[in-house]
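**Q** predicted model follows, preceded by the sequence.
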Amino acid sequence: MALWAGLGQAATVAQLVGVDAGGLISLITQAALTARQNKKACEQLSRRVHMIADLLPHLQEPELMRRPEFQRPLAGLGDTLREAHDLVMVCQRKSRFYRFFMSGRLADKFRDIQSRLDSYLLVVPFISYIALTHNLNRICDSLPQNHAILPSPASTSQSHPIHVWEGVARFTLAEIAAASNSYAFFTKVGKGTSGTVYRGRLRDGRDVAIKRISKTAQDREMVLRTELAVVPHPRHSHFVRLLGWCAEEDERLLVTEYMSNGSLHDHLHGRKPPSSPVTASWKTRVEVLLGASRAIKHLHRSFVPSVIHCNIKSSNILLNASWTPRLSDLGFSVRHETGEGEHHYQYQLQVVGKGGYIDPEYCRTGRLTPATDVYSFGVVMLEVLTGRPPVITTRGEEEQGEVQTDLVHFALPLIEAGELDKVLDGRPEPRPTPMKIEALQWVANTAVVCLHRQSILRPRISEVVANLETALRLATG
Ligand SMILES: Nc1ncnc2c1ncn2[C@@H]1O[C@H](COP(=O)(O)OP(=O)(O)OP(=O)(O)O)[C@@H](O)[C@H]1O
């Protein structure tokens, strides 16, 4: 029985609970099977004990489990398990005396132990969630800035032919060099994990962004191939259009339309002037969210199998000259394998996304679903509402140095407590009208459900789009 074996090895669980939980749970289950009295109550008890057994292996972080705040809620679990065991053992007896004198007392005892087990059932996932968050923060802290660990398709072989879509041109290295002044420093517009982006001009006069995929980037072939494989419908207005590519010598380059107004990230947290409509207007902010959510919906709903973007963040929501938002960076996206015959690509998954945006359930289970994008988009919604980055850095007490807090942990409890006003960004309008407040409340409520830690309880992206449409109507009114 793998479960019991796993628990047997869990020294930290045994230390925590003060008994050999695995052994005791096993005994309770066996005794419940052979109980002669109160058979039904014994089975119920055994079911609860089983559920606890399923949860305990999640509490195996020795460093965390030594802390009193983790130990306190579990105090007494060992005793409760022992009592549960004694109780089912009593039910092995079958005497008339026992039936006559004990049945009332036993019923009370069953109720008492079951309610105690229920309280542990509530508390164990909560502790495991805190432990997970702690671990995630540690992982994110240890990643280099702007680092994303990426999924890699099984077919990254260079011999695999690249399918080229109509309207996506193959450029020569000479054409790219001419367009970007040979990657002159003054044409550089940004840098990400996978490469550097330059501004260029094609011979026909079109302004373009040229992404030079770094020679040291992990999976550089994959980034190129995925961008070329997942081409959204050219008429879909909420994607940065891919215009071409180049794979010559040891260079791998992507050419996209140039977005002259930078990224949502720039306007919320960075270099853009406060007069930008994204910084200054709630309506524009909601429009940007709506446009981005429609792009995600296109990936989730219009492709078969659907596409998961895997890198939703405010720096991948770009703005063109007329402030229309466009989603970029499809190089890390994956096909959602939903069933037999539906997968066109087989991916070996590693952690995707970036600190502060990563779906905790994905981190824990490794399962990628469209809800992974929904979670990251929930973080973007919080950024838009609060004007704060996904990881907030503050100066702590003297000896503490800098302290980092996840935006989700900072903003979510206040929003859930009905105190949205305490977290709203003060830059757009110091005193929003009641209609605007209502609009922002729609956005905030939508963010809350998108950030549910269980992916199954998050909305689909189409529901997010519908809510943002309502929010925009209110913000416009
Ligand atoms: N088409 C474009 N037009 C204008 N600027 C762009 C364009 N594409 C990217 N940029 C700028 O270049 C920066 C780097 O983009 P890139 O996609 O390489 O990395 P990123 O999305 O910021 O991070 P990562 O690749 O690590 O997820 C962006 O933040 C953006 O400011």
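**A** Nice, thanks for sending it over.

**Q** tell me the pLDDT of the residue in the chain positioned nearest to the ligand.
**A** Nearest residue of the chain to the ligand: residue 192, at 2.0 Å (C-beta to the nearest ligand atom). Using the backbone N, CA and C atoms, a C-beta is placed for each residue, glycine as well. Per-residue confidence at residue 192 stands at 85 (pLDDT).

**Q** which residues touch residue 252?
**A** Contacts for residue 252 (C-beta atoms under 8 Å, 6 or more residues apart in numbering) come out as 212, 213, 220, 221, 223, 224, 245, 246.

**Q** between these, which has the most around it?
**A** Tallying neighbours with other C-beta atoms under 10 Å puts residue 223 at the head of the contacts of residue 252, with 26 neighbours.

**Q** name the nearest residue to it, sequence neighbours excluded.
**A** Nearest residue to residue 223, sequence neighbours excluded (C-beta to C-beta, 6 or more residues apart in numbering): residue 331, at 3.7 Å.

**Q** which ones are touching the most centrally placed residue in the chain?
**A** Geometric centre of the chain, nearest residue: residue 359, 1.5 Å, by C-alpha atoms, centre = their mean. By C-beta under 8 Å, 6+ apart, residue 359 lies in contact with 353, 371, 372, 375, 376, 455.

**Q** and those residues, which are buried?
**A** By neighbour count, with 16 or more other C-beta atoms under 10 Å, these hold 353, 371, 372, 375, 376, 455 as buried.

**Q** next step: these restricted to strands.
**A** Among the buried ones among the contacts of residue 359, no member falls in strands (DSSP state E).

**Q** in the stretch 251-400 of the chain, which spans are strands?
**A** Shown for the stretch 251-400 of the chain, the strands assigned by DSSP state E, counting those that start in this stretch span residues 251-257, 307-308, 317-319, 325-327, 334-335, 347-348, 391-395.

**Q** which helices and strands does the fourth one pack with?
**A** Where contact means 3 or more C-beta pairs under 8 Å, 6 or more residues apart in numbering; DSSP states H and E, strand 325-327 is packed against helix 282-302, strand 317-319.

**Q** in that strand, which residues are buried?
**A** 325, 326, 327.

**Q** how about residues contacting that strand?
**A** 237-240, 259, 264, 287-288, 291-292, 295-296, 309, 316-320.

**Q** now with 10 Å?
**A** Strand 325-327 has contacts (C-beta atoms under 10 Å, 6 or more residues apart in numbering) with 232, 236-241, 256-257, 259, 261, 263-264, 278, 284, 287-296, 298-299, 309, 311-312, 316-320.

**Q** hmm, back to that, pick the most buried one from the helices and strands packed on strand 325-327.
**A** Highest mean neighbour count among the helices and strands packed on strand 325-327 (mean count of other C-beta atoms under 10 Å): strand 317-319, with a mean of 26.

**Q** report whether that one contacts the ligand.
**A** Yes - using C-beta under 6 Å from any ligand atom, we find that strand 317-319 touches the ligand at residue 318.

**Q** show me what that strand is packed against.
**A** helix 264-269, helix 277-280, helix 282-302, strand 325-327, helix 370-386 (3 or more C-beta pairs under 10 Å, 6 or more residues apart in numbering; DSSP states H and E).

**Q** buried residues in the last one?
**A** The neighbour-count check on helix 370-386 (16+ other C-beta under 10 Å) flags 370-386 as buried.

**Q** neighbours of residue 364, how many?
**A** 15.

**Q** wait, it touches residue 453, no?
**A** Yes - counting by C-beta atoms under 10 Å, residue 364 does reach residue 453; the two are 9.3 Å apart.

**Q** part of a strand, is residue 200?
**A** Yes - read with DSSP: H, G, I helix; E, B strand; the rest coil, residue 200 is one of the residues of a strand.

**Q** how many neighbours does it have?
**A** 23.

**Q** likewise for residue 392?
**A** Neighbour number of residue 392 under other C-beta under 10 Å is 16.

**Q** ok, residue 466 next?
**A** So residue 466, with other C-beta under 10 Å, has 15 neighbours.

**Q** just the element for it, please.
**A** For residue 466, the host element (DSSP states H and E) is helix 461-476.

**Q** in that helix, what's buried?
**A** For helix 461-476, by 16+ other C-beta under 10 Å, it's 461, 463, 464, 465, 467, 468, 471, 472, 474, 475.

**Q** average pLDDT for it?
**A** 96.

**Q** surely residue 306 meets residue 300?
**A** Yes - applying C-beta under 10 Å as the test, residue 306 and residue 300 come out as touching, 4.8 Å apart.

**Q** overlap in contacts, these two.
**A** Common neighbours of residue 306 and residue 300 (C-beta under 10 Å, 6+ apart) are 336, 369, 370, 461.

**Q** residues contacting the nearest residue to the second one once chain neighbours are set aside?
**A** Which is residue 369. The spatial neighbour of residue 369 that comes closest, neighbours along the chain excluded (C-beta to C-beta, 6+ apart), is residue 455 at 5.8 Å. Neighbour list for residue 455: 359-362, 365, 367-372, 374-375 [criterion: C-beta under 10 Å, 6+ apart].

**Q** again with residue 308
**A** 151, 296, 299-300, 332-336, 347, 352, 362, 368-374.

**Q** quick one: is stretch 294-307 near the ligand?
**A** No - interface with the ligand: stretch 294-307 contributes nothing (C-beta under 6 Å from any ligand atom), its closest point being 13.9 Å away.

**Q** now that stretch: how far from the chain's centre is it?
**A** With C-alpha atoms, centre = their mean, to the nearest Å as the basis, stretch 294-307 stands 18 Å off its chain's centre.

**Q** what would the strands of the stretch 251-400 of the chain look like in a markdown table with mean pLDDT?
**A** Output for the strands of the stretch 251-400 of the chain, formatted as a markdown table (pLDDT from 0 to 100):
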| stretch | mean pLDDT |
| --- | --- |
| strand 251-257 | 94 |
| strand 307-308 | 92 |
| strand 317-319 | 97 |
| strand 325-327 | 97 |
| strand 334-335 | 84 |
| strand 347-348 | 38 |
| strand 391-395 | 85 |
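
**Q** right, I'll leave it there.
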